[in-house]
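Enquirer: dropping a prediction and its sequence here:
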Amino acid sequence: MNLPPLPKLTPWRAQGLALLAGLAAALAHPPFGILPGLLGYALLLWLLDAIDGPRPLRSAFLRGWLTGLAYFGLSTWWIAEAFMVDAANQGWMAPFAVAAMAAGMALFWGLAAVLYRLIRPSGVRRVLVFAGAYAVLEWTRGHILTGFPWNLPGETWRAGSAVSQVAAVVGAYGLTWITLAIAAAPAVWRDGRRGRIAVGAAVAGLVVLFAGGWLLRAAPPPAAGRPPTTVRIVQADIPQESKWDERRFAQIVQAYVSLTARPYAAKPADIVVWPEGALPLAINDYMVPGSWVRQAIVDALRPGQLMLLGGYRYEGTPDKPVYYNSLVALRRTASDVEVVGIYDKHRLVPFGEYLPADALMTRLGVKSMAHLGDGFATGPEPRPLRIAADLLVQPLICYESLFPRLAKPVRGVRAIVNVSNDAWFGVTSGPLQHLNLASYRAIETGLPLIRATPTGVSALIDAQGRILPGARLKLGESGVIDGNVPNVGSPTLFSRLGHWPFALLLLVSFAAAIRVPGGRSLEKVPN
């Protein structure tokens, strides 16, 4: 079959198509869910193969970077909302912050394009090399400068769907490689018979993904072997800008304690969870013995109940305090509460919770301009928190839930607890995407997820990333979620092997990149 020639690809047309490819791939992610947008990766591969100018590496970088610019621009535009909380002082920075974030993240896609062009083999094997080049740079994006693995291509699939279950085997990075390889395959359709075979193989691979994921999802979870643990998640729907008004502090406290004390339709909760940043004051200050806030919390709880409370606290001397973003576990006694555990956030947000190269940034004036203060101190590496003699949970605060290996499998852990202050991002796609990304940690570990946020989306999620029926509070909704913590799933392959399956997939890309001496070029295969 002789295919008609493609139209001439001028530089401007190539750059416009690169932007289109990035927008399409971003639209495939929740909450948009336009899955045909995955063909944006095929368009990107075709654009990289079509380079014929005198400076191919520079052209590859530009096309890859423009694709990433559009992808991350649409994926992270919601960070502008954080600057609107204090619009008078910081609102002017919003467009610059969004542009800088997208441009910085896009550098990884530009470098991936260069890497692909450097090692690109002939024939249909280049699909595997493309998947490997972009997957390894996505892994790098998730680790350098603490990392920001937001919207990995492998997390395009809605958490809880059939395809998402494959993360239990290969993790989010492995699923990124698989997603890229399948989605990019149509780019080699014109490569004769073998090109069409490659596209057919990609379609077959997609069918296998759906079927395998469906089987994994259909498998019943192991029996609990113990009485169910009950939980109440509290979402008071307090906008972030309201927390800066000292006159509203009492109203905020009342909103949380009244929801906490709401009558139960069935058995009272064993655990009550408040989100990160629930109250706009240091935990040390409002939980000091004798304070009216402490007494209000005591009155809202029942004897024996546990409470997980997100907020900031400090240690050290009054003239030199050290601040931590923490999750504090309390237990209601007969007439008071006692602290039974503390988890301090380990993976901090660059430019949000700490300033990289602090001394340099201070001299340049970035610190004062961004109103960062001294930021938070880093807590120890994440480990489970024992909140009762027989109850272990794995806390992940806010964006720690983006990192596949922070929820390390430990025998006896009952659930992941993810508290997050997504109120910073208002009613945008950001909180909805965060819910999807956090749910992948449940799939990878086989642990249920308890997620609490101030303004949504809070949810109770099973070990396969599915939100339980009726166990979700939407954006802008006030209320509680009462339910049994879902059963722990079977140990996953990813929880046992970590990133080794991903490394094996990268090895496939490496093997595909090897040039075989005397081998016949696949481009010469006749139509």
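Expert: Everything's here; your move. Numbers count the residues shown, from 1 in each chain.
Enquirer: my guess is Leu111 meets Tyr134, correct?
Expert: No - under the criterion of CB atoms under 8 Å, Leu111 is not in contact with Tyr134, lying 9.8 Å apart. The C-beta positions use only the backbone N, C-alpha and C, and glycine is treated the same way.
Enquirer: ok, these two, which is more surrounded?
Expert: Neighbours per residue, other CB atoms under 10 Å: of Leu111 and Tyr134, the larger number sits with Tyr134, 30 against 21.
Enquirer: check contacts around the closest residue to Pro149 other than its chain neighbours.
Expert: Sequence neighbours aside, Gly142 is the residue nearest to Pro149 in space, at 3.3 Å (criterion: CB to CB, 6 or more residues apart in numbering). Counting by CB atoms under 8 Å, 6 or more residues apart in numbering, Gly142 makes contact with Phe148, Pro149, Leu152, Tyr173, Leu402, Phe403.
Enquirer: neighbours around the last one, how many?
Expert: Read it as Phe403. Neighbours of Phe403 under the rule other CB under 10 Å: 21.
Enquirer: could you measure from Pro56 over to Gly123?
Expert: Pro56 is 18 Å from Gly123, where distance means CB to CB, to the nearest Å.
Enquirer: please apply the same query to Leu47.
Expert: Distance from Leu47 to Gly123, by CB to CB: 18 Å.
Enquirer: between these two, who's got more neighbours?
Expert: Between Leu47 and Gly123, counted using other CB under 10 Å, the more crowded position is Leu47 (25 against 20).
Enquirer: sec struct for the residue lying closest to that one once chain neighbours are set aside, please.
Expert: Leaving aside its sequence neighbours, Leu47 sits nearest to Arg63 (CB to CB, 6+ apart; 5.0 Å). Of the three states, Arg63 takes helix under DSSP: H, G, I helix; E, B strand; the rest coil.
Enquirer: I'd say Arg63 and Ala113 touch.
Expert: Yes - contact criterion CB under 8 Å: Arg63 and Ala113 qualify, at 6.1 Å.
Enquirer: what helix or strand is Ala511 located in?
Expert: In the assignment (DSSP states H and E), Ala511 maps to helix 500-513.
Enquirer: that should have said Glu315, apologies.
Expert: Using DSSP H and E, Glu315 falls in strand 306-317.
Enquirer: CA atoms only for that strand, dumped as CSV, please.
Expert: Provided in CSV are the C-alpha atoms of strand 306-317 (Å, rounded to 0.1, in the frame of the first residue of the first chain):
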residue,chain,number,x,y,z
LEU,A,306,-8.2,8.6,68.2
MET,A,307,-7.8,11.8,66.3
LEU,A,308,-5.3,12.6,63.5
LEU,A,309,-4.8,16.4,63.2
GLY,A,310,-2.8,18.1,60.5
GLY,A,311,-1.1,21.4,61.1
TYR,A,312,2.2,23.1,61.9
ARG,A,313,4.1,22.9,65.1
TYR,A,314,7.5,24.2,66.5
GLU,A,315,10.4,23.0,68.6
GLY,A,316,13.4,24.8,70.0
THR,A,317,13.8,28.0,71.9
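Enquirer: mean confidence for the following helix or strand past it?
Expert: Downstream of strand 306-317, the next assigned helix or strand under DSSP H and E is strand 320-332. In this model, strand 320-332 has an average pLDDT of 95.
Enquirer: kindly report the same for stretch 201-214.
Expert: In this model, stretch 201-214 has a mean pLDDT of 94.
Enquirer: cool, and stretch 460-470?
Expert: Averaged over stretch 460-470, pLDDT sits at 96.
Enquirer: and the helices in the stretch 301-450 of the chain?
Expert: All helices of the stretch 301-450 of the chain, identified by DSSP state H, counting those that start in this stretch, fall at 358-364, 366-370, 429-445.
Enquirer: tell me how far Val127 lies from Val114.
Expert: 18 Å.
Enquirer: need the residues that contact the host helix or strand of Ala25.
Expert: Ala25 belongs to helix 11-27 when assigned by DSSP H and E. For helix 11-27, contacts defined as CB under 8 Å, 6+ apart pick out 9, 32, 34, 36-41, 43-44, 47, 50, 59, 62-64, 66-75, 151, 153, 156.
Enquirer: what are the buried residues along stretch 215-232?
Expert: Within stretch 215-232, the residues that qualify as buried are Leu216, Arg217, Thr229, Thr230, Val231, Arg232, counting by 16 or more other CB atoms under 10 Å.
Enquirer: so which of the residues you listed is the closest to Leu396?
Expert: Proximity of the buried residues of stretch 215-232 to Leu396 was ranked by CB to CB; the top entry is Val231 with 15.8 Å.
Enquirer: my read: the closest one touches Leu449, true?
Expert: No - counting by CB under 8 Å, Val231 stays clear of Leu449, with 11.1 Å between them.
Enquirer: please enumerate the shared neighbours of Arg63 and Ala113.
Expert: Contacts common to Arg63 and Ala113, judged by CB under 8 Å, 6+ apart, are Leu44, Leu48.
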